[in-house]
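> next come a sequence and a model predicted from it.
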Amino acid sequence: MTRETQIFREKLAALKIAYASGLNEKLTDIKATADQIITNDSHSDSKALLIDLRAQAHKLAGSAGIYGFFDLGNAARNLESKCQSFIEQNSCLSTADSNAFIKLVDSLLHCYDPEPTEQQNVLSPVSREIDWHEEVQANNHTILVVEDDPDLSEHLEIGLGTFGYRVKIINDLDKMKAAIDAIQPSAIILDLEFEVGRTASAETVQRIRLSSGIDCPIIVLTIHGDFNARLAAVRAGCDYFLIKPVTLNEIIQVLEKLTKPINIEPKRILIIDDDPDMLAFISNTLQSSAMIVECLSDPSLAIETISIFHPELILIDMQLSDCTGIEVAMIIRQKIENVGIPIVFLSNEMDQGIQYESISGANEFLVKPIQPGYLISVVQSRIERFRMLEGNDARDSLTGLYNHATTWRLFETVLSRASRIGIQVSFAILDIDGFKSVNNAYGHSVGDNVLKALARVMIHRVRNSDIVGRIGGEEFCIVLIGTNIEQAFLIVETIRLAFIEVSQSIVGSGLPITLSCGIATFPRYLSARDLNEAAIRALNEAKAIGGDKINSASPMQSKLNNVQDLPTNEKNSHLPLAELDQSGEVESVKHAVVLDDDLMVGRFLKPFVENAGFGVQLMTDPIKFLEAYRADVDLIILDLHMPAMDGVEVLRFLGEKRNNAAIIVISIFGHDVLAAAKSLAEKHDLNVIAALHKPLDQGELIGALRMAYAVSKNYGHGSALAEYSEMPSTDELSVAMNNKMLRVYYQPKVKLASSVVVGAEALVRWKHPLKGFIDPEYFVALAEQNGLIDDLTYFVLQEACTSFKRFNIKNRNFKIVINISARNFDDLSFPDKVANIVSAAGISASDVILELTETSLSNEVGRVIEILTRMRLKGFKLSIDDFGTGHSSLTRLHDLPFNELKIDQSFVSRAHCEPAARVIVKNTISLAKSLGLETVAEGAEKQEDIDMLRELGCGFVQGYFIAKPLPLSEFKDWVKHSMKA
Amino acid sequence: MAMLKRIVHVDDEPDIREIVKMSLEAIGGYSVESFCSGQEILEKTASLAPDLILMDVMMPGMDGPTTFRELRRQPETANIPVIFMSAKVQAHEIEQYLNLGGVGVISKPFDPVSLPKAIEEIWEKL
C-alpha cells in the first residue's frame, strides 16, 4: 500500500464515520415520506411524494455503496425502482402495492443498525464473516521474490504461501521496478552474489533502492558469506543476508521480524506536578509526540487516577507542596498492581545524594530545565521497555504465543463480552500427534522448530483479535471470536493442512507430522471450564481414532451423556434405547447402534452419528447385540472384524431377520473385502448405505450418515437433522475460496486420430471438511447467484495457468481449457482481466480455450457477442459446451465466434446403444465440420464409445474411459505414463 | 495525450462529491473542482479549462446527458472529454452514453480507492 493510499484510507475511515452519523437523518426522512405516501388519499399528492421519495432513495443508492454500506445501497436501489414503477403506473396504490412498499422500506431501514455494538461495525458494515477474511488478509504481506532458479522459486512460492504470505515471483532483475510499483511488496527476497572484487550486485541493489524509492526491507540469498561480501551488501542497503542453502524456517523468521506490525497504540503518561506551567509544558511536549497525557496537580488523587487511566509511565515532581515526590511514589507502589509502572522524577534538585535516594525507589531522574527532545526520548524508551517486559510475562518464550495464564485471562474476558453482546465464540484445542516420537526421532531442537512452525501457521490464519495460546508442551488453543463451529472447523482445517506441509519441510522425507483438534462453541457451552472440557473430550475422541482429525464437541453430548455412555456391564446394553423412548427427551431422534469391539471407535463415531440426528447406543460384543436384537433400529454401523463373531455373520443374521435398517460397514481391511461384504449384504436384501475404510474419512462418514438419515424408515419423523446436513452456504464457499480449500483438477483431452493428449480441462473441486465433496454444479450456481463467480473463475484460471507450465508437455498444441460462466459477462472488463491473468502467468492466450455452456448464450446476445469477439481478438480459443442441451439455432452458432463444439455426454454415453442419440452425435459432428469447428466428445466411458466416435469422425474425446479429472500431481504422472504407452 | 491534471466533477449528492474529490486528490494527485448541478458546471467550466469532466447522469434539473449536449455546443468546452457516472449501468446504457460522445462510463457504487485508476485507464486509451 502506498503512503498516499494509507493516508487516504485513514481519511476515508473518518469520512465513513461522518457519513454513518448522517444516515439516521436520511433514513428518518425516507421513513417520513414513505409514511405520508401510505396514509395519503390524494393521487396527485401521492405522486409528488413518490417522486420525492425516488430522489431520496436514488441519492442513498448512489452514495451508500461507495461508503461501504452495500446492503443499504442495494435496498435503496430496490426502493428507487419500486417508486419508479409506481410513478409509471400512475394510479393510487392498491393494498398489495402498499404492503410491498412497506416491506421494501422496512428492509431498507433494517439494513442499517444505528447503534452498532462496536465502532468496527460503523467502519465496515459488511457481515462479520467477511470481516474475518479482510482482517486475516490484511495480515498477509506480499513478498517479491527475484529468483531465476525455477525449483527454488516454486519452493519459496509454495512454502511462503503456506505461511499466509502472498508471493510474486519474477526471474529477471529488469522487471523488478515494474513489479515493485505494481504490488508494493512488504519485503523483497533477492538471489544475488556479492563476490569480492565484483560490484555489479551491490550496484544493482543500490540502483533499485534509488530508482523505485522503496523503503521495504531487502533480503539477499547468496552463496558467499565472508565479511567483505556482507559489507558490500550492507552498504548496498540490504537488510538481511542469508547463506544458501536456506531453510524455509530461516526465511520465515526473518520475514516475521521485518514485517511485524509496529505497536502503534499511543503511550499513556500521568504527570503529577503542582506547578501549572510545568504541567502545561510537559503535557504539550508529550502530546506533540502523539502520547496521551493525564495531568494531576493534587497527588491525593493519584491512586484513583491510576486505576482508571492505567498509565504506562508516571512523571512526578520531587517537590510538591504538601509532600515529596518520593513519598507519592511510595504510596503508589504500595498497591501491588502498580509496582511495575515506571516512575520518573522531575526536580530542580542538583544534590546527587537525593537523586540516588530517589533512583532507588523509581526508575529515572530528570533535572529541570528539561530539554523537550530528551524528555520525549526518555519517556518513549521507558514505555517501550515496560511494554516489552509486560509482553514477556504474558507470552511463551519459545513460540511467542500467549502463555497458559494469559490465554485463560483473555479467554474469560472474551466470554463475558460475548455473553453481553450476544456473539458466538469457538474454542479449539490443537495437539500435535505423537510429538514425543518427533522429539525422540529428530531431537529437541527439531521438535522446537515444529512447535514454532505450528505457532506461526496458526497466527497467520486467524485475525489479530483472536487469541492464540500455547497451553501445554505440544498443546495449543485458539479462541475465535464471533465464529460458529462450522467456520471454526474450516479455519482449523486450513491450519491442519498447512501444518502437515510445513512440518514436512522441517523433518524432510519422514512420516508427516499431523495434529488433532477438538472444538467447542459458546453459547452451547457457557463457561471457559465447560468449553475447555468439551474441547478436550472432542480432542481425545479424535486422537482415539488415530489422530490427524478435527472433532467438534457434540451438541447433544451433554444431554445424552448419562444414558448413552456404554455401561461396563454389557448385560444392560439394550436398556438405553428403551430409556430414551420413555424419557421422551429425545423421542424425535432416530436410533442407531454402533457395533465395534473397539470402544474408542464407537466413542469417535458417536458425536458424528448424533450430529446426523440419531440417538446412539454403543456396543462392543456382537453376541450381546444378537441377543438384544431389536427390529426398530434405524441405523447399524458395523465393524467387520470382531474377535467374538465377525461382521459377516452379523450381516447374515440381519438378513435372516429381514432387517430394514440402514447399514454402514466399516473395516480396516482393503476395499475389496468391504466391497465383497457389501455385495453379500445386498444379496440378503440388506440396506447397505456405505462401506467405509478405517481410519475413517470424516467427509465420507458424514456423507454416509446423511444418506442413512434420509433413507431410514421413519423419514420426516426426526427433526434433529444436524446443522451439518445442509448444503454449504455462500459464506462457507467464500471461506473455502479465501483459504485455498478449492482444488483444480485436470481432465485430459485426447486427439482420437493419434491418441495424443492435446489438452486438459480445468475443473474445480471442493472437498468440504464436514460435508465431503460438494457437487460443483451446486457451488458454481451458488457462486453465480452471490457475486462470487468472477473470483471463482479467476481462481481456476490462475491455478490452471500456473499449472500449465508445470505440466511439462512438449506438445506445442497442448491447451488448457477453462470454463467460464455467462455471469462473468456482467463485467465488461472480463476479457481484459482474463488476458492479464494469462499473460502474468507467462503463457500465451492461444494456449487457453475458454469454454461456456450453450444455455449461457441465451441472454443478452449483443453483450455476449461483444465479449466473445473481444476474447477471440485477444487470441483465446472458444468452445461451446454441452452442445445439444440448449436451444441454439444454427444461425446463432454461425454468428458466434467459436472454434470448437463439445458434444454433451448424455448423447455420447447413449450413442452406441440408442440409435436416436447416435444420429444426434453424427449430425452434430457433421454440422460442426461444415461450420469449420473442431468437435470434442465428452463422457466417453467405454471402448465402444471411442470406437463409435472414431467412426463418426469426431476430433477429440474426454471421459472416464481415458481418465477422470485428476489433481495436478496425478495428472502429471498420467501424462508421463500415457506418453510411454 | 497530455498529462491528466485538472478534473471537474459534477454530482448533486454532497457525500459523493466529497469522496470523489478526496479520492482523486489524495490518491490520484489531480486537482479537482466539484459542482452540484449541470447549470453550475456550464457556467464555470470554460474558465477552469479542465482536462476531463466527471459527470453524474441522474441529477435533478439538468441531467447528465443534457448538460453534456450543452457543453458540446459551447466551443470552449466542446472538446473536453467527459466520463459519465451512473448507478444503472446496463450494457445498452453504456453504449448509449458512449454513443452520445462520452469517453467512458463508471458505475456506482465505485470503490473510492480504485477510482483514480479507473479514470487513468480511460484517459490512457484516449
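Here it is on my side, so go on. Residues are numbered from 1 along each chain as shown, chains lettered A, B, ... in the order given.

> just give me the neighbour total for residue 46.
This is for chain A. For A:Ser46, the count of nearby residues is 20 (other C-beta atoms under 10 Å in any protein chain shown). The way it works is simple: take the backbone N, C-alpha and C, and place the C-beta from them, glycine included.

> that's the wrong chain, I wanted chain B
15.

> hang on, it packs against B:Thr77?
Yes: if you go by C-beta atoms under 8 Å, B:Ala46 and B:Thr77 touch, sitting 5.6 Å apart.

> got the contact list for the one residue in chain A that gets nearest to chain B?
Relative to chain B, the nearest point of chain A is A:Gly65 (2.4 Å; C-beta to the nearest C-beta). Residues near A:Gly65 by C-beta atoms under 8 Å, 6 or more residues apart in numbering or on different chains: A:Gly73, A:Asn74, B:Lys108, B:Pro109.

> so A:Leu595 makes contact with A:Met619?
Yes: contact criterion C-beta under 8 Å: A:Leu595 and A:Met619 qualify, at 4.9 Å.

> which residues do those two both contact?
Common contacts of A:Leu595 and A:Met619 (C-beta under 8 Å, 6+ apart): A:Phe625.

> next structured bit after the host helix or strand of A:Asp45?
Assessed by DSSP states H and E, A:Asp45 sits inside helix A:43-64. Using DSSP H and E, the helix or strand that follows helix A:43-64 in sequence is helix A:70-89.

> which residues sit against that next one?
Residues outside helix A:70-89 that contact it (C-beta under 8 Å, 6+ apart): A:23, A:30, A:47, A:50-51, A:53-54, A:57-58, A:60-65, A:93, A:97, A:100-101, A:104-105, A:107-108, A:111-112, A:125-126, B:87, B:109.

> mind checking the SS state of A:Gly469?
Recorded secondary structure, A:Gly469: strand (DSSP: H, G, I helix; E, B strand; the rest coil).

> excluding its backbone neighbours, what's nearest it?
Spatially, and ignoring its direct neighbours in sequence, A:Gly469 is nearest to A:Thr407 (3.0 Å; C-beta to C-beta, 6 or more residues apart in numbering or on different chains).

> also B:Ala78?
Closest residue in space to B:Ala78, ignoring its immediate chain neighbours: B:Arg72 at 5.1 Å, by C-beta to C-beta, 6+ apart.

> cool, and A:Gly647?
Computed as C-beta to C-beta, 6+ apart, the closest residue to A:Gly647 that is not its neighbour in sequence is A:Leu640, at 3.6 Å.

> and that neighbour, how far from A:Tyr442?
The gap separating A:Leu640 from A:Tyr442 is 37 Å, by C-beta to C-beta, to the nearest Å.

> do B:Thr77 as well
For B:Thr77, the distance to A:Tyr442 equals 76 Å [C-beta to C-beta].

> what number of residues lie near the nearest residue to A:Glu364 once chain neighbours are set aside?
The shortest distance from A:Glu364 to any non-neighbouring residue, by C-beta to C-beta, 6+ apart, is to A:Val344 (4.2 Å). Close neighbours of A:Val344, defined as other C-beta under 10 Å, add up to 22.

> just for the stretch 501-650 of chain A, where's the confidence low?
Along the stretch 501-650 of chain A, segments meeting pLDDT under 70 span A:509, A:554-589.

> tell me which element the residue lying closest to A:Asn813 once chain neighbours are set aside falls in.
For A:Asn813, ignoring the flanking residues on the chain, the nearest one in space by C-beta to C-beta, 6+ apart is A:Val758 at 5.9 Å. When elements are assigned from DSSP H and E, A:Val758 belongs to strand A:757-768.

> so after that strand, what's the next helix or strand?
As assigned by DSSP H and E, the chain's next helix or strand after strand A:757-768 is strand A:772-774.

> partner strands of that next one, with direction?
According to DSSP bridges, the neighbouring strands of strand A:772-774, each with its direction, are strand A:757-768 (antiparallel).

> alpha carbons only: can I get the partner strand in CSV?
Output of strand A:757-768 as CSV, limited to C-alpha atoms (Å, rounded to 0.1, in the frame of the first residue of the first chain):
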residue,chain,number,x,y,z
VAL,A,757,-3.0,-35.8,-25.2
VAL,A,758,-3.7,-32.3,-26.6
GLY,A,759,-5.2,-30.6,-23.6
ALA,A,760,-6.6,-30.6,-20.1
GLU,A,761,-9.9,-29.2,-18.9
ALA,A,762,-9.5,-27.4,-15.6
LEU,A,763,-12.3,-28.4,-13.2
VAL,A,764,-12.8,-27.0,-9.8
ARG,A,765,-13.4,-29.4,-6.9
TRP,A,766,-14.4,-28.6,-3.3
LYS,A,767,-13.8,-31.1,-0.5
HIS,A,768,-15.6,-29.8,2.5
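
> what about that strand, distance to the chain center?
Strand A:757-768 sits 21 Å away from the centroid of its parent chain (C-alpha atoms, centre = their mean, to the nearest Å).

> tell me which residues of it come out buried.
A:Val757, A:Val758, A:Gly759, A:Ala760, A:Glu761, A:Ala762, A:Leu763, A:Val764, A:Trp766, A:His768 (16 or more other C-beta atoms under 10 Å in any protein chain shown).

> now do that strand, average pLDDT.
Strand A:757-768 shows a mean pLDDT of 90.

> ok, now stretch A:368-387?
84.

> pull the CA atoms of that stretch into PDB?
The C-alpha coordinates for stretch A:368-387 follow below in PDB (Å, rounded to 0.1, in the frame of the first residue of the first chain):
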ATOM      1  CA  LYS A 368      14.900  20.700  35.300                       C
ATOM      2  CA  PRO A 369      15.100  22.600  32.900                       C
ATOM      3  CA  ILE A 370      14.400  19.600  30.700                       C
ATOM      4  CA  GLN A 371      15.100  19.600  27.000                       C
ATOM      5  CA  PRO A 372      11.900  18.600  25.200                       C
ATOM      6  CA  GLY A 373      13.700  16.200  22.900                       C
ATOM      7  CA  TYR A 374      15.400  14.400  25.900                       C
ATOM      8  CA  LEU A 375      12.100  14.200  27.800                       C
ATOM      9  CA  ILE A 376      10.400  12.600  24.900                       C
ATOM     10  CA  SER A 377      13.200  10.100  24.300                       C
ATOM     11  CA  VAL A 378      13.400   9.100  28.000                       C
ATOM     12  CA  VAL A 379       9.600   8.600  28.200                       C
ATOM     13  CA  GLN A 380       9.400   6.700  25.000                       C
ATOM     14  CA  SER A 381      12.200   4.300  25.700                       C
ATOM     15  CA  ARG A 382      10.900   3.700  29.300                       C
ATOM     16  CA  ILE A 383       7.500   2.800  28.000                       C
ATOM     17  CA  GLU A 384       8.800   0.600  25.200                       C
ATOM     18  CA  ARG A 385      10.800  -1.400  27.800                       C
ATOM     19  CA  PHE A 386       7.800  -1.500  30.100                       C
ATOM     20  CA  ARG A 387       5.600  -2.900  27.200                       C
END
